[in-house]
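Novice: based on what follows, work out the 3D shape:
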Amino acid sequence: MKREKFGSRLGFILISAGCAIGLGNVWRFPYITGQYGGAAFVLIYLLCLVLLGLPIMVMEFAIGRGSQSSIALAFDRLEPLGTKWHWYKYFGIAGNYLLMMFYTTIGGWLLLYLFKMAAGNFDGLSTEQIQGEFSGLMGKPVLMTVFMVVVVLLCFGVCSLGLQKGVEGITKVMMVLLLALMIILAVRAVTLPGAGEGLRFYLLPDFEKMKEAGVMEVVSAAMGQSFFTLSLGIGAMAIFGSYIDKKRSLAGEAVCITALDTCIALISGLIIFPASFAFGVNPDSGPNLIFITLPNIFNAMVGGRVWGTIFFLCMFFAAASTIIAVFENIIAFAMDLTGCSRKKAIAVNLIAIILLSMPCVLGYNVLSGFAPFGEGSAVLDLEDFIVSNNLLPLGSLLYVLFCTTRWGWGWKNFLAEANAGEGLKFPKWVRFYVTFIVPLIVIFLFLQGYWSKFFG
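Specialist: Have a look, this model is predicted:
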């Protein structure tokens, strides 16, 4: 069966960026930026993206394009005879399923809040009442299930239209709208009375704050964020590599995708900090920021209902672009491994994803007694920990070793694939760095993740 291809280079860049651009850009990036010294942290983060994220992304793309397959058969086709690299495919695809086990639930929350904000449900509510809205939602498993199922159906519906018409066509529109709407929101936020203080906090480096947090702690947080923001290590990027032709070299494409991902993260800071400071609200992290802090801010703004609706539309696009991209990977895995049709792969996985998403939905109500990391934690935290602290770093380590050592695909094969076509080339002189230093950084991040989770 002939492999499907993207209709355009722009489609490939926007879809890959859509996969990378997710909730981490909005609910984690601004918060840790503020926590670790504003612009000082951003500078280190950008350096980490170039030194760590970019090479691993190029490797994933090269393995996808070189094998013309998803993670299902990529290692089987490229590994030296008799080696066992292909065993990783089961861990990689497990990472995709695990990610969707909680991402679909959060996507459902965002869709519900989009409707709530548009309907004016938050108008006139006090801070406590807005907090009560979110707490109330956590106690409604049926409502959460309905919205989770709607998100799953919508995103699989896009995938069912095929690669070019569905995944590429619709993600392109969503990503362009996401960028445009976020720029509009950022302009509104920075022109609020009292926004200047927030801009100073965000854009002026505060090295004192960095020293307070500890320089190593800041560097480690920047490395972690740069690494996780690009969805590396579980084959989510490799699949898109298999859909592009050899007209363009891969390093240039990876730079474009990383730049887009970073733009969205930086713009989200331009929305959140000026708005938070203008209304004297502490910019929180995680679900609190999106579902409690920001609705409070929009409530206090003139025309807040409109701005809030635009914001939740942005958030839904950011979540949906990731869900569609990962669903495409899951569908391609099933098709490559079993030879089944796209329709059959979707039908089976649709049911599987809905069932697998239920523990996360029930983790806040029926299963609320299960607190894997102590009081206040839920099923979502466990699922996120397995993906973010285990499968992403260890998977990335495997991709690096596969591309740089003679026991895997090897440096020469990787370089030939990465540099085929026009555009920016992957430099030969970084061989020592990517072979020896990058694996050490990834191992450090893996251990650091455990240390901060259990001893930090």
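
Novice: need the CA coordinates for the one helix or strand Phe227 maps to. CSV is fine.
Specialist: Using DSSP states H and E, Phe227 maps to helix 215-228. C-alpha atoms of helix 215-228 as CSV (Å, rounded to 0.1, in the frame of the first residue of the first chain):
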residue,chain,number,x,y,z
VAL,A,215,21.1,28.1,39.3
MET,A,216,21.2,24.3,38.9
GLU,A,217,17.5,24.1,39.7
VAL,A,218,16.7,26.8,37.1
VAL,A,219,18.9,25.1,34.4
SER,A,220,17.3,21.8,35.2
ALA,A,221,13.7,23.3,34.9
ALA,A,222,14.7,24.9,31.6
MET,A,223,16.0,21.6,30.2
GLY,A,224,12.9,19.8,31.4
GLN,A,225,10.5,22.3,29.8
SER,A,226,12.5,22.4,26.5
PHE,A,227,12.4,18.7,26.3
PHE,A,228,8.8,18.0,27.2
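
Novice: off-centre distance for that helix?
Specialist: Offset of helix 215-228 from its chain centre (C-alpha atoms, centre = their mean, to the nearest Å): 16 Å.

Novice: just the strands in the stretch 101-250 of the chain please.
Specialist: Taking DSSP state E, counting those that start in this stretch as the criterion, the stretch 101-250 of the chain carries no strands.

Novice: returning to that earlier point: what residues does the helix holding Phe227 touch?
Specialist: Around helix 215-228, the neighbours that count as contacts under C-beta atoms under 8 Å, 6 or more residues apart in numbering are 24, 28-29, 32, 35-37, 40-41, 44-45, 47-49, 52-53, 56, 210, 388, 392-393, 396, 441-442, 444-445, 448-449. Backbone N, C-alpha and C define where each C-beta goes, glycine included.

Novice: tell me the mean pLDDT over that helix?
Specialist: Helix 215-228 carries an average pLDDT of 84.

Novice: ok, now stretch 330-348?
Specialist: So the average pLDDT for stretch 330-348 ends up being 96.

Novice: gap between the two ends of that stretch?
Specialist: Terminal residues of stretch 330-348 are spaced 11 Å apart (C-alpha to C-alpha, to the nearest Å).

Novice: can you point out the buried residues in the helix or strand harbouring Ala345?
Specialist: For Ala345, the host element (DSSP H and E) is helix 342-362. Within helix 342-362, the residues that count as buried by 16 or more other C-beta atoms under 10 Å are 342, 345-346, 349-350, 353-354, 356-362.

Novice: one more: stretch 109-116?
Specialist: Buried residues in stretch 109-116, counted by 16+ other C-beta under 10 Å: 109-114, 116.

Novice: ok and the longest helix along the chain relative to helix 342-362, angle-wise?
Specialist: Secondary structure of the chain per DSSP state H: the longest helix is helix 304-338. Here the directions of helix 304-338 and helix 342-362 differ by 130 degrees (axes from the mean of the first three to the mean of the last three C-alpha atoms, to 10 degrees).

Novice: and helix 304-338, what does it pack onto?
Specialist: When contacts are defined as 3 or more C-beta pairs under 8 Å, 6 or more residues apart in numbering; DSSP states H and E, helix 304-338 packs onto helix 9-20, helix 23, helix 88-119, helix 141-160, helix 169-190, helix 238-241, helix 294-300, helix 342-362.

Novice: quick check: angle from the last one to helix 88-119?
Specialist: To tie it back to what came earlier, the one meant is helix 342-362. Put simply, helix 342-362 runs at 70 degrees to helix 88-119, going by the same axes, to 10 degrees.

Novice: so after helix 342-362, what's the next helix or strand?
Specialist: Using DSSP H and E, the next helix or strand after helix 342-362 towards the C-terminus is helix 379-386.

Novice: now the first one
Specialist: Scanning the chain past helix 9-20 towards its C-terminal end, the next helix or strand to appear is helix 23 (assignment: DSSP H and E).

Novice: which residues of the stretch 201-350 of the chain score low on pLDDT?
Specialist: Along the stretch 201-350 of the chain, segments meeting pLDDT under 70 are nowhere present.

Novice: mind doing that once more with 80?
Specialist: Within the stretch 201-350 of the chain, the stretches with pLDDT under 80 are 227, 283-286.

Novice: hmm, back to that, now the helices and strands packed on helix 304-338 in TSV, with distance to Phe454?
Specialist: Formatted as TSV, these follow (distance: least, C-beta to C-beta, whole Å):
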stretch	distance to Phe454
helix 9-20	28
helix 23	24
helix 88-119	20
helix 141-160	29
helix 169-190	36
helix 238-241	31
helix 294-300	31
helix 342-362	22
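
Novice: and of those helices, who's closest to Val434?
Specialist: With C-beta to C-beta as the measure, helix 238-241 is the member of those nearest Val434 (17.0 Å).

Novice: distance between the closest one and the chain's centre?
Specialist: Mean-position distance between helix 238-241 and its chain equals 15 Å (C-alpha atoms, centre = their mean).
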